[in-house]
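Undergrad: Kindly generate the corresponding structure for this input.
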Amino acid sequence: MNILCAYNANIDSIYHIDGEELSRLLADHPDVQEKVSKPPGSISLVSDVLAGIVICMRDGTGAEWLVHDSEVFDWLKQTFLERSLMRMGGNMGIMSNVLSELGASKVIPNVGSLTELQASFFSQKSILYPHNGKLYKSSELGSILQGDASSHELIHFVFDFKKGDTLTLAGERIVVPRENRFIATYDPLNFRLHIDEHFRDYALEHAKEMDGAIISGYHMLQEDMGDCDYRERLDSSLEQLISWKKENDNFHIHAEFGDFSSENVASYAFSILSPVVDRIGMNEDELATLARMNGMDSKPILAMDPVEIAESAISLCNDFGLCRMLVHTREFVLSVSCMKDDDPELIVEAMDFGVKCAAAFAFSGKLADRETLLDIASGIKESEFGRDASSRLGKYLVEKRDCSGICGLFRSYQLSIIPTRICAEPVSTVGLGDTISAAIFLRELELNS
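TA: Numbers count the residues shown, from 1 in each chain. I've put the predicted structure just below:
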């Protein structure tokens, strides 16, 4: 399968910060106390970074603030980068790697800032980078990267901390109530949904040769971006998606939704994407947000009620012209489709493949070829909650279909649901939703080809 991937890839720099180190840093920045009382919400000074960390440690909450000053970004790199754990960040970056490792023939990513460090986190199997109409492997990028002085690292600094740690601010002792993280993000391109010109030109010229696209990153758009309007950025993306489909009648697009910071951006993104893409994927939190924004009760969704999740998914599809939605939760994965002639066994097989790949990734903390992943997953038990939820929802289905899972018609939509597999002691939980969606998308393309 040949697959385009857009739009967001970055580098995550994960750093464990403790109270002792933070207290030392606070001693040099007396203005932090005032900023803790009146949080700036974004980062223009070093003291803003420290204030954000203090607030999250004090309250046991998580937050993400944008870095607006390059000097602060330089300080973050000099102070923390060498001692941090770096990995691929961004939904698209993660999903590109999943597709490549699972055997896609050609994966073409849109990379906002292609640097040697960023390229090092992409899979080496089938990721190819477009440049002036040609495709390059990572090993062939040397001359291109050296000639591009405008490229710079897009790094999300993730400061995690533990429950029970202590720090001192202005003589006051603070005890961390629970583990969480504060993210200081320097990412001026992905927050504007940047479309690389080389990717744009190559994708349009070769759309006929591609089987589909998996897209994400819309949730990074901000409602207030100064000289840039989020609607214009979304409209530009929509024009690109439509142009691909015009070139190829069999081109399939999966959009992964994300956790939006602005309800206005989320509403606009969902409304314009729904009639164009083939499917939108999201977790229960993102579904609950959309449901609440559209006058539905979000509490049963957050309580993991499978019937309410199905009802809400179908209502949103009906209201916005979306044909297919994939809802992936910790306990089960649910698919709804307006296409009654979709093969239910194919859908369940693809969902089962995605669930197994994600479970194996949680267990091992790394991607591998599909045979290895499926072997690991065979030893991981299905979610009991997910099995019960699937059985409960199955009682509401009419015209039940013959498939290896639970599938049938629900409010005139074809519905399929299967339990996930739960790893008791996961090595990694970051990117599991992206892994499920990418694996399901790839397997569906294969089964439909």
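
Undergrad: I'd say Ile242 and Val276 touch.
TA: Yes. Here Ile242 lies in contact with Val276, judged by Cβ atoms under 8 Å, at a distance of 6.2 Å. Bear in mind the C-beta positions are built from the backbone N, C-alpha and C, glycine included.

Undergrad: Show me what the helix or strand where Gln414 lies is packed against.
TA: Assigned by DSSP states H and E, Gln414 falls within strand 413-419. Where contact means 3 or more Cβ pairs under 8 Å, 6 or more residues apart in numbering; DSSP states H and E, strand 413-419 is packed against helix 306-320, strand 332-337, helix 344-364, helix 384-394, strand 406-410.

Undergrad: again, only this time at 6 Å
TA: strand 332-337, helix 344-364, helix 384-394 (3 or more Cβ pairs under 6 Å, 6 or more residues apart in numbering; DSSP states H and E).

Undergrad: CSV please, covering the ones you listed and showing mean neighbour count and mean pLDDT.
TA: CSV is the format used below for the helices and strands packed on strand 413-419 (neighbours: other Cβ atoms under 10 Å; pLDDT from 0 to 100):
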stretch, mean neighbour count, mean pLDDT
strand 332-337, 26, 97
helix 344-364, 23, 95
helix 384-394, 18, 96
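
Undergrad: can you tell me which of those comes nearest to Gly405?
TA: For Gly405, the closest of these is helix 344-364, at 3.9 Å, according to Cβ to Cβ.

Undergrad: And the contacts of the closest one?
TA: 333, 335, 373-374, 376-377, 380, 401, 403-405, 407, 416, 418, 420-421, 423, 426, 432, 435-436, 439-440, 443-444, 447 (Cβ atoms under 6 Å, 6 or more residues apart in numbering).

Undergrad: What's the ChimeraX line that selects buried ones from those?
TA: Command for ChimeraX that selects the buried part of the contacts of helix 344-364, burial taken from 16 or more other Cβ atoms under 10 Å:
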select :333,335,373,374,376,377,380,401,403,405,407,416,418,420,421,423,432,435,436,439,440,443,444
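
Undergrad: following the strand holding Gln414, which helix or strand comes up?
TA: Strand 413-419 is succeeded, C-terminally, by helix 432-448 (DSSP H and E).

Undergrad: Can you spell out which helices and strands pack onto that following helix?
TA: helix 91-101, helix 344-364.

Undergrad: In contact with Arg58, which residues?
TA: So Arg58 contacts Ile174 (Cβ under 6 Å, 6+ apart).

Undergrad: Can you name the helix or strand that it falls in?
TA: Going by DSSP H and E, Arg58 is part of helix 46-59.

Undergrad: Not counting sequence-adjacent ones, nearest residue to the residue most central in space within the chain?
TA: In the chain, the residue lying closest to the centroid (Cα atoms, centre = their mean) is Asn91, at 3.3 Å. Of all residues not flanking Asn91 in the chain, Ser216 sits nearest, at 3.7 Å (Cβ to Cβ, 6 or more residues apart in numbering).

Undergrad: again, but for Asp235
TA: Asp235 sits nearest to Ile272 (Cβ to Cβ, 6+ apart), 7.4 Å away.

Undergrad: Let me know the helix or strand that that neighbour is in.
TA: Assigned by DSSP H and E, Ile272 belongs to helix 263-273.

Undergrad: other SSEs contacting the helix or strand that that helix is followed by?
TA: Downstream of helix 263-273, the first helix or strand assigned by DSSP H and E is strand 279-282. Applying 3+ Cβ pairs under 6 Å, 6+ apart, we find strand 279-282 packed against strand 252-256, strand 324-328.

Undergrad: Quick check: neighbours of strand 279-282 in the sheet, parallel or antiparallel?
TA: Partners of strand 279-282 in the sheet, by DSSP bridges, are strand 252-256 (parallel), strand 324-328 (parallel).

Undergrad: would you put the C-alpha positions of the last one in PDB?
TA: Right, strand 324-328. In PDB, the C-alpha atoms belonging to strand 324-328 read as follows (Å, rounded to 0.1, in the frame of the first residue of the first chain):
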ATOM      1  CA  ARG A 324     -17.800   6.400   9.000                       C
ATOM      2  CA  MET A 325     -16.500   6.900  12.500                       C
ATOM      3  CA  LEU A 326     -14.000   4.900  14.500                       C
ATOM      4  CA  VAL A 327     -14.100   5.300  18.300                       C
ATOM      5  CA  HIS A 328     -11.100   3.700  20.000                       C
END
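
Undergrad: Would you mind listing the buried residues in the least confident helix or strand in the chain by mean pLDDT?
TA: Across the helices and strands of the chain, mean confidence by mean pLDDT, DSSP states H and E is lowest for helix 142-146: a mean of 73. Neighbour counts over helix 142-146 (16+ other Cβ under 10 Å) mark Ile144, Leu145 as buried.

Undergrad: And the residue lying farthest from the centre of the chain, how close does it get to Ile17?
TA: When each C-alpha in the chain is compared with the mean C-alpha position (Cα atoms, centre = their mean), Gly171 comes out farthest, at 40.2 Å. As judged by Cβ to Cβ, to the nearest Å, Gly171 and Ile17 stand 20 Å apart.

Undergrad: so where do the helices sit in the stretch 151-300 of the chain?
TA: Ranges of helices within the stretch 151-300 of the chain are 197-205, 230-247, 263-273, 284-293, 299-302, based on DSSP state H, counting those that start in this stretch.

Undergrad: relative orientation of the first one and helix 230-247 in degrees?
TA: For helix 197-205 against helix 230-247, the angle by axes from the mean of the first three to the mean of the last three Cα atoms, to 10 degrees is 40 degrees.

Undergrad: which one is Pro275 nearest to, not counting chain neighbours?
TA: Leaving out its chain neighbours, the residue that sits closest to Pro275 by Cβ to Cβ, 6+ apart is Gly321, at 4.1 Å.

Undergrad: Compare the helices of the stretch 151-300 of the chain and report which one is nearest to Leu102.
TA: Of those, nearest to Leu102 by Cβ to Cβ is helix 197-205, at 21.2 Å.

Undergrad: What are the buried residues along that closest one?
TA: Buried residues in helix 197-205 (16+ other Cβ under 10 Å): His198, Phe199, Arg200, Tyr202, Ala203.

Undergrad: again, but for stretch 36-53
TA: Here stretch 36-53 shows Val36, Ile43, Leu45, Val46, Ser47, Asp48, Val49, Leu50, Ala51, Gly52, Ile53 as buried, counting by 16+ other Cβ under 10 Å.

Undergrad: cool, and stretch 107-117?
TA: Under 16+ other Cβ under 10 Å, the buried positions of stretch 107-117 are Val107, Ile108, Pro109, Asn110, Val111, Gly112, Ser113, Leu114, Thr115.
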